[in-house]
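> Next come a sequence and a model predicted from it.
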Amino acid sequence: MQTRVKQTPASTQHHDGNSKFIEGERQRLAQEIHDGLIQELTGAVLQLEICEKVYTKDSSQVLAPLILAKKQARKCLHQLRRLTFDLRLTAVKELGLVKALRRHCDELSQEKSIAIAFKATKAEVELPLSIAGSLYYIVREALLNVTKHAKARRIQVRVSFDQQQVMVTVQDDGIGFDVEPTLAKAEEEKKFGMVGMHERAHLLGGNLHVLSAPQSGTEVTAVIPYAPDRSAAR
């Protein structure tokens with residue numbers, strides 16, 4: 001009597017992978033809202049309450065907490081914009097990775113007044129949402145780091161596909177940094193961006209490489225497999 005092994009269809013596997021990815025995104029967004037946005041808004045409200053209490057006694061003491069509250073409100077606005085970008089997974093699903101990234105680069109270029117050149121191979125491969133969404137996140141985080149810290153004048157984003165993997169690269173001509181101590185500090189302080197980029201690449205069986213040095217710009221490259229390597233079986 002033969003025992004038959006039931007095989008899971010590829011479409012079901014992709015569905016399960018997409019469901020896990022979406023659930024992971026929900027958890028990450030909830031964590032970012034709790035650890036970032038809610039705390040900043042709480043701080044801003046406390047500063048405004050201080051203003052309310054001291055205003056009737058000494059109006060000259062109102063300015064400092066008002067300035068701090070404004071700074072915290074601006075930070076909340078920035079975080080909300082980031083979360084809005086994260087919620088654009090529907091765009092990745094509908095447009096595909098290349099078109100979604102191209103649109104993001106165009107919007108960011110206009111918003112930050114910085115030159116962003118986008119290049120992609122013509123032969124785009126349809127990727128599972130778990131891979132496309134993670135690569136979108138990695139590129140977005142890399143671009144965010146450039147616009148916040150690098151003081152770059154030009155950025156180049158490249159996407160390429162081969163028979164087994166997809167590669168994205170974000171390169172800038174900014175001030176650069178020492179990679180190892182910066183990554184160690186990010187892990188110690190539990191910063192989402194840099195650590196999250198590495199975790200997403202590794203969870204998908206890929207790698208993320210960061211090449212940089214002071215005054216030498218930065219290059220971030222993520223390589224993610226999307227097809228099994230059959231060369232070993234030949």
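Now that the structure is in, tell me what you want to look at.
> State the distance from the closest residue to residue 145 other than its chain neighbours to residue 114.
Spatial nearest neighbour of residue 145, chain neighbours left out: residue 193 (6.4 Å); criterion: C-beta to C-beta, 6 or more residues apart in numbering. Yep, even glycine has a C-beta here, placed from its N, CA and C like the rest. For residue 193, the distance to residue 114 equals 18 Å [C-beta to C-beta, to the nearest Å].
> How about residue 67?
For residue 67, the distance to residue 114 - C-beta to C-beta - is 28 Å.
> Tell me which of the two has more neighbours.
Regarding residue 67 and residue 114, a neighbour count based on other C-beta atoms under 10 Å identifies residue 114 as having more, with 17 against 11.
> wait, that one sits on residue 155?
Yes - at 6.4 Å, residue 114 counts as touching residue 155 under the criterion of C-beta atoms under 8 Å.
> which stretches of the chain form strands?
115-120, 154-161, 165-172, 207-212, 218-225 (DSSP state E).
> Any chance of the ones you listed in TSV with mean pLDDT, mean neighbour count and distance to residue 43 as columns?
Shown next, in TSV, are the strands of the chain (pLDDT from 0 to 100; neighbours: other C-beta atoms under 10 Å; distance: least, C-beta to C-beta, whole Å):
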stretch	mean pLDDT	mean neighbour count	distance to residue 43
strand 115-120	97	16	33
strand 154-161	97	18	32
strand 165-172	97	22	32
strand 207-212	96	16	32
strand 218-225	97	20	31
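> Residue 127: which of the ones you listed is closest?
Of all the strands of the chain, strand 165-172 sits nearest to residue 127, with 6.6 Å by C-beta to C-beta.
> Show me what the closest one is packed against.
If you count contacts as 3 or more C-beta pairs under 8 Å, 6 or more residues apart in numbering; DSSP states H and E, strand 165-172 packs onto helix 129-145, strand 154-161, strand 218-225.
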